[in-house]
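Engineer: structure of the sequence below:
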Amino acid sequence: MATVKIGFGGGCHWCTEAVFQSLRGVTKVEQGFIKSHAPHDSYSEAALITFDSSVIPLDVLIDVHLRTHASTSPHKMRGKYRSSIYVLSQQVAAETSAVLEKLQGGFADKIVTMVLPFDGFKPSLEQFHDYYRTNSERPFCKTYIDPKLAKIRRQFGNYYASASTNPSN
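Structural biologist: Numbers count the residues shown, from 1 in each chain. As a prediction, this is how the structure comes out:
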């Protein structure tokens, strides 16, 4: 098993958590806030992901991330919802940058997602962990998370496990 840790930010951490909990090969999802170095040293909503790269490759995780949040929109909430991939090594940084460059061709607009060095994590409040698993019938989940999971089932079906039942998390 080739275990890798990486952070993904770009939207609400409840959504990000559910997206990555739904994937085979993801062994741990920690919902919270991640920061990088200046000028991106404020904490932003994100999830820290641990995955087995022999089950789900990094390029698939990045593609899922880009397609399940506003990865081409520099909207005004980017301080709270920074579109980013937080890397813990230079090797993963180089791989991530290459994947982003390759995937850009599949998007009409420029991808605004940044590759940033990971510099800290603060978990969200315990009451919000596993938000989708414990609140899947709530309006927020129906409106925002269910469409993302439907997109994963359609576009990445080989890697879909289920956000509510994935035993690896």
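
Engineer: all helices for the chain, in order.
Structural biologist: 13-21, 58-67, 90-103, 131-135, 139-140, 146-155 (DSSP state H).

Engineer: residue 32 is nearest to which of those helices?
Structural biologist: Nearest to residue 32 among these is helix 13-21; the distance by Cβ to Cβ comes to 6.4 Å. For the C-beta atoms, the positions are set from N, CA and C on the backbone; glycine is no exception.

Engineer: if you count contacts, what does the closest one end up packed against?
Structural biologist: strand 3-9, strand 26-35, strand 44-52, helix 58-67, helix 131-135, helix 146-155 (3 or more Cβ pairs under 8 Å, 6 or more residues apart in numbering; DSSP states H and E).

Engineer: in stretch 45-54, what counts as buried?
Structural biologist: When burial is assessed from 16 or more other Cβ atoms under 10 Å, stretch 45-54 yields the following buried residues: 45, 46, 47, 48, 49, 50, 51, 53.

Engineer: tell me the one of these nearest residue 138?
Structural biologist: residue 45 (18.1 Å).
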